[in-house]
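Trainee: Sharing a sequence plus its predicted fold:
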Amino acid sequence: MPPAERILVTGAAGQVGSELVPYLRERHGPENVVATDLNPLPEALARAGPHLRVDCRDPAAVEDAVRRHDARVVYHLAAILSAAGEEAPRRAFQVNLEGLVYVLDAARGAGASVFVPSSIAVFGPSSPRDPAPQEGALRPTSMYGITKLSGELLCDYYHLRFGVDVRGLRFPGIISHVTRPGRGTTDFAVEIFYGAVEEGRYTCYLEPDTRMDFLYISDALEGAVALMAADGDGLRYRNAYNVTSFQATPEELARAIRAHVPEFEVDYEVDPVRQALADTWPRRLDDGPARADWGWRPRYDLESVVEEMLQRIRARTNPEERRVDAS
């Protein structure tokens, strides 16, 4: 992708968007990456480059944003996550599906390419769990999973029917440190680090032996950009490739943190909604096709993620450590 191409990111204030925007601006220039969201952007994002308020449920606003900023690539990240989707299923349907259609229509009209993340939530109780294959039974039982699976099919349709260059990844739980996630089922894997650093304890909403699949944010960003840069002729699956890095239970994650914070304590108050969702999701994704087709290789494992997260969060909460970290 040439540096001069304009990029538009929806959902820029979210967990992935708040880190993808600086990542793209560093590579393509701040003026070439437009950050959009319905919610206010973090101050640093707003100061660093062009931005505007866009509700992806408004087709005219989406089309205007893409055309006015001459976007050649759209990273469409705006979404309602799993647990929040169970609390407001109709809103999740509107944001996750109707919003996607409007983005695809705008991209079709402008000749732009699109990245759309999917999720491990597309799998359901009847899916193989370890590993979950690239192709197989997809019968999700959550509104979030239903919208993500429908979104994969919509993206395939827009590519086959209209020639839109749309691509995507099926993300497992993403662990990041800049923006706290918004009511997802795997959020404990982010919250637990803040609990360890800020309070020395954490109350987890999943059973201690619930095994889940994870990916560190740096690998997620690099994977998305690498997929968009790949030769489309070599892609067997545009929407969406399984990607993964490591698997862990809440107790295993807590144990890894205790290697650095020995006094850290974890207790459990199970949220039946999120536990039920986690029990239907795969323990591990098969990412063999992504490795074979476009060279997917994650860099982070459990140990390196624990070290990185603790260092980053300590640097943000402790000025002395921030100065050391920046030196």
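Mentor: That came through fine. Numbers count the residues shown, from 1 in each chain.

Trainee: give me the low-pLDDT residue ranges for the stretch 151-300 of the chain?
Mentor: Filtered on pLDDT under 70, the stretch 151-300 of the chain yields the residue ranges 182.

Trainee: residue ranges for the helices of it, please.
Mentor: In the stretch 151-300 of the chain, helices defined by DSSP state H, counting those that start in this stretch lie at 188-198, 217-229, 250-258, 272-278, 288-294, listed in chain order.

Trainee: quick one: the first one to helix 250-258, angle?
Mentor: To tie it back to what came earlier, the one meant is helix 188-198. Put simply, helix 188-198 runs at 30 degrees to helix 250-258, going by axes from the mean of the first three to the mean of the last three CA atoms, to 10 degrees.

Trainee: same thing with the longest one?
Mentor: Interaxial angle of helix 217-229 relative to helix 250-258 (the same axes, to 10 degrees): 110 degrees.

Trainee: hang on, the earlier thing: who wins for proximity to residue 208 among the helices of the stretch 151-300 of the chain?
Mentor: The minimum distance between residue 208 and the helices of the stretch 151-300 of the chain falls on helix 250-258, with 4.0 Å, by CB to CB. Using the backbone N, CA and C atoms, a C-beta is placed for each residue, glycine as well.

Trainee: Contact partners for the residue nearest to residue 110 when sequence neighbours are not counted?
Mentor: In space, not counting the residues next to it along the chain, residue 110 is nearest to residue 66; the distance is 5.1 Å by CB to CB, 6 or more residues apart in numbering. Counting by CB atoms under 8 Å, 6 or more residues apart in numbering, residue 66 touches 8, 74, 103, 106, 107, 109, 110, 112.

Trainee: mind checking pLDDT for the first one?
Mentor: The predicted structure scores residue 8 at 98 on the pLDDT scale.

Trainee: Give me the next element, helix or strand, following the strand or helix carrying it.
Mentor: Using DSSP states H and E, residue 8 sits within strand 6-10. As assigned by DSSP H and E, the chain's next helix or strand after strand 6-10 is helix 17-28.

Trainee: And the contacts of that next one?
Mentor: 1, 3, 5, 7, 9-12, 32-33, 35, 37, 42, 44-45, 48-49, 75, 77, 176, 178-179, 217, 221, 224-225.

Trainee: Same check on stretch 120-140?
Mentor: Counting by CB under 8 Å, 6+ apart, 82, 141-142, 144-146, 148-149, 152, 170-173, 185, 213, 237, 241-242, 277, 279-286, 288-289 sit against stretch 120-140.

Trainee: can you map out the helices along the stretch 1-150 of the chain?
Mentor: 17-28, 43-48, 59-68, 82-87, 89-93, 99-110, 143-162.

Trainee: Let's have those helices in TSV, adding distance to residue 199.
Mentor: Shown next, in TSV, are the helices of the stretch 1-150 of the chain (distance: least, CB to CB, whole Å):
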stretch	distance to residue 199
helix 17-28	23
helix 43-48	25
helix 59-68	40
helix 82-87	22
helix 89-93	31
helix 99-110	36
helix 143-162	29
